[in-house]
Structure formats: structure tokens, C-alpha cells
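[1] Test case, fold it:
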Amino acid sequence: MKSKTFTRTELYNLIWSKPLTTLAKEYSYSDNGLRKLCVRNKIPLPKAGYWSKIKFGKKVQKTRLPKGDDIRIEIYLRTKGEEPAFHSNSIRGKVKREIESSVELNFIVPDKLLKPNILIREAKRDLRSRKPSNWGNTSGLVETSKGFLNIAVSKSNIPRALRFMDTLIKLLKKRGHAIKVSETTEIVVNDELIKIRFREVLKRSIIKDSSWERTELIPSGILSFRVDTGYPEKQWRDSDTIPLESKLLDILTYLEVKATQLKEERMQWEIYKKKIEEKLKKENDLKLLKENEMAKSNQLFETFSRWQKSQDLRSYLKAFEAHASKTNSMTQEKENWIAWANNKADWIDPIIAKEDVILGLYKE
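    Numbers count the residues shown, from 1 in each chain. As a prediction, this is how the structure comes out:
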């Protein structure tokens, strides 16, 4: 990757010469990456609205460069056809350099198929049996059946699509990855599944039928490779100057970085899910503990209430017996009743818990 070295003063002059979004197209950084680079080196940045004022000829004030060592700063240049800028020392930059330095990888798409992968052979056979689509307002695409590599292109672009996908599959295998075909097509990178598809971009065409016009979507000749895992989808396509085949390095880099991100996201989700499960378990355990404590408390209050009733009942029976003796009104019937009532006091008393011959053990 080519680079250019600036002094702190030169970088300051560069930053104040063009908007960061414009500079990001020339250097291998995003506008935010350039902003962080300036902050790190104490280089002031134009305030919001600065470039708009210049555009309309209004007066602007340039913030002076604070004093400091005029150190030398290496800035990486963006190569022709490079993806939206990323810092060379970012994860993506490191992965790209590591892939790029691998001598066993061949990124050149051949002019004809050479020992194609079995998935390519099967897709080729399937595409031969398929007719161009003609449904709705779309026509001209030949699309593979379910269970084959997900490809949809015009008949004339089938060979090119197969050569591109064959080269990509071989690169993936060299990198230790795999491709899985079922209802969809997925690349397996470090056990992470990334859904992909190969498409020819459609364009609108005006069709004149007698006295009225209608719009039809037809193949444009522009090929694209798409990643459907994540939002929004990621897409590479032919441009006026750079064919899709020249973007295999960026595609492979993206897929490997994407897999790393997916794994990290999944691990973070697992950690979050575990925390939630632990939190719910603690809440449930506390709930059960409270319920158990309340049940034991209620049982205590119930048994105390029964014991209190039995004591009150015995006090009442003693008073009743004393009154009958005092008034010489005791009869056999009253004695029998007092004996019966004392049995009931023993029956309700949780300490004695006497079983009644008719009612059995006491139940609330």
C-alpha cells in the first residue's frame, strides 16, 4: 500500500485545503478516520459550515495551528478501485494486507473455466436447463434452481458469472473457508454463515405497445456480488472503469472481517443473554424464597390461630362447667357436651392434633 509522509504543518494545510469527505476519496481513511488523526496530532479542524461559507464567498476564519513538534506523519494513499476508505492499521486493513501477501492466492479470473469446482459444474448444468424469466415486469434473467449456487444473470453473462464464482470459491477454500448451498447460498467463515448471491443489475426500459407505454426491467450487463447477512446489504458491482473481477480482494477481506464481527456480536449476545438469564434466575429464586417464606409464615399464623382458638375454647368450657357447678345446673347432657367440646378443642389444637372419629384430622 502506497503512502505519503507529511509534516504536521503540511497535514494542517492539507486538512484546511479540502473537506474531509473529499480527502477521504484520495487517502485510505474515512472522513472520521482523518478527523481522529488530526485530533491525535493536535491539528485544528474547520468548524461546521466552514466549507459552505467558502462556497458562497463568505468570510471565514482559519484556526491557527497550535505550537508543537513538527513531527512527520505517514498517510496511506487510496489505490484505484479501493473500497470506501479504511485505516491501514484497522482490523480490515490488517486482514487485507495479510490476504494480499499470501502467494498461494490467485485473484485473476481466467478467460475460461479451468477445473471448476463441483458447485460450479452443477450450477452450469442447472442454468442450461433454465429459461429466461418472464414474470411481472421483469424479463431476461436466467436464475438457478433452489439447491444450487444463487446466480441470476442474462444468458450471455452466465460464463462470466461462473468464472467469477469459481475463482471466489477457490480463494475461499485456500483460506480454509467453505460454501454451503441449500435453499440459499452461504459462505462459512470461522463457523459463521454469511448469505450471498450473484446478480445482474436490472435497468428500466420503456416498451411501446401500440398507443401506450409500459416499463420493463431488463438485464443491464452490470454484474454484482451481494452479501445479504446484516443490514444494509453489502454490494460490489461493475463500474465504468473497474470490473467486478478486480474487486475479489476487497470481497474476500470483507467476508473475513464480517465473520469476525458476526462472531463477536454473537459472543456479546451470548454474554448478554447469560446475564439476563442469571438476572431472571436470581429474581425467580428470590420470588420462590419469598413465596416459601410467606407460606411458612402463613402456616405459623394459622397454627397459632388454631392453638389460640383451642385455648379460648378450653377457657370457655371451664367457665361453663364452673357456672353449672355453682348453680347446681349440671346435668348428664351437659357433662356429655363438655366432654365432646373438649375433644373438639384437642382436635383443633395443632400441638395435640387429635383425630376426630367423624371428621378425621383438622383441615382449615
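
[2] Would you map the helices across this structure?
    Per DSSP state H, the chain carries helices over the ranges 8-15, 20-23, 31-40, 50-55, 91-100, 118-129, 158-174, 248-326, 332-348.

[3] Out of the ones you listed, which gets nearest to residue 71?
    Residue 71 lies closest to helix 8-15 among those, at 5.5 Å (C-beta to C-beta). In this view, the C-beta of every residue, glycine as well, is placed from N, C-alpha and C.

[4] ok, back up a step: please work out which of the helices of the chain is packed deepest.
    Of all those, helix 158-174 carries the top mean neighbour count, a mean of 20, counting by mean count of other C-beta atoms under 10 Å.

[5] Against which helices or strands is that helix packed?
    For helix 158-174, the packing partners by 3 or more C-beta pairs under 8 Å, 6 or more residues apart in numbering; DSSP states H and E come out as helix 118-129, strand 151-153, strand 178-181, strand 192-209, strand 212-227, helix 248-326.

[6] quick revisit: to residue 230, which of the helices of the chain lies closest?
    The nearest among those, by C-beta to C-beta, is helix 248-326 at 7.1 Å.

[7] Just want the angle from the closest one to helix 158-174.
    Interaxial angle, helix 248-326 versus helix 158-174 (axes from the mean of the first three to the mean of the last three C-alpha atoms, to 10 degrees): 60 degrees.

[8] Between helix 332-348 and helix 248-326, find me the angle.
    Between helix 248-326 and helix 332-348, the angle comes out at 160 degrees (the same axes, to 10 degrees).

[9] how far out from the middle of the chain is helix 248-326?
    With C-alpha atoms, centre = their mean, to the nearest Å as the basis, helix 248-326 stands 33 Å off its chain's centre.

[10] if we can go back for a sec, let's have the helices of the chain in TSV, adding distance to residue 68 and mean pLDDT.
    Below are the helices of the chain laid out as TSV (distance: least, C-beta to C-beta, whole Å; pLDDT from 0 to 100):
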stretch	distance to residue 68	mean pLDDT
helix 8-15	7	92
helix 20-23	21	87
helix 31-40	12	84
helix 50-55	22	88
helix 91-100	27	84
helix 118-129	58	96
helix 158-174	46	96
helix 248-326	35	95
helix 332-348	92	95
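
[11] Just put the ones you listed in TSV and tack on distance to residue 201.
    TSV is the format used below for those (distance: least, C-beta to C-beta, whole Å):
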stretch	distance to residue 201
helix 8-15	36
helix 20-23	26
helix 31-40	28
helix 50-55	33
helix 91-100	25
helix 118-129	18
helix 158-174	13
helix 248-326	16
helix 332-348	88
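
[12] Looking at the closest residue to residue 225 other than its chain neighbours now. What's its pLDDT?
    Nearest non-adjacent residue to residue 225, counting by C-beta to C-beta, 6 or more residues apart in numbering: residue 236, 5.0 Å away. As predicted, residue 236 sits at a pLDDT of 94.

[13] again with the one 5 residues further on
    Model confidence at residue 241, expressed as pLDDT, equals 84.

[14] picking up where we left off before, present the helices and strands packed on helix 158-174 as TSV; the columns should include distance to residue 4.
    Shown next, in TSV, are those (distance: least, C-beta to C-beta, whole Å):
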stretch	distance to residue 4
helix 118-129	42
strand 151-153	41
strand 178-181	39
strand 192-209	35
strand 212-227	31
helix 248-326	22
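
[15] Quick one: closest of the ones you listed to residue 91.
    Among those, the nearest to residue 91 by C-beta to C-beta is helix 248-326 (6.0 Å).

[16] Report all helices and strands that the closest one contacts.
    helix 91-100, helix 158-174, strand 185-189, strand 192-209, strand 212-227, strand 234-237, helix 332-348.

[17] Mind putting those into a markdown table with distance to residue 288?
    Formatted as a markdown table, these follow (distance: least, C-beta to C-beta, whole Å):
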| stretch | distance to residue 288 |
| --- | --- |
| helix 91-100 | 46 |
| helix 158-174 | 51 |
| strand 185-189 | 43 |
| strand 192-209 | 39 |
| strand 212-227 | 47 |
| strand 234-237 | 48 |
| helix 332-348 | 31 |
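
[18] what's the residue nearest to residue 225 in contact with, if anything?
    Residue 236 is in contact with 224-226, 244, 247, 250-251, counting by C-beta atoms under 8 Å, 6 or more residues apart in numbering.

[19] and the residues you listed, which are buried?
    Using 16 or more other C-beta atoms under 10 Å as the burial test, those include 224-225, 244, 247, 250-251 as buried.

[20] Which pair of those spans the longest distance?
    Pairwise distances across the buried ones among the contacts of residue 236 peak at 13.3 Å for 224 and 250 (criterion: C-beta to C-beta).

[21] Of the buried ones among the contacts of residue 236, which is the nearest to residue 121?
    Once C-beta to C-beta is applied, the member of the buried ones among the contacts of residue 236 that ends up nearest residue 121 is residue 225, at 20.0 Å.

[22] Bridged to the closest one, which residues?
    In this entry, residue 225 is beta-bridged to residue 198, residue 236, by DSSP bridges.

[23] contacting residues around it?
    164, 168, 196-198, 235-237, 244, 247, 251.

[24] which one of those residues is nearest residue 26?
    Among the contacts of residue 225, residue 247 lies closest to residue 26 (C-beta to C-beta), at 19.4 Å.
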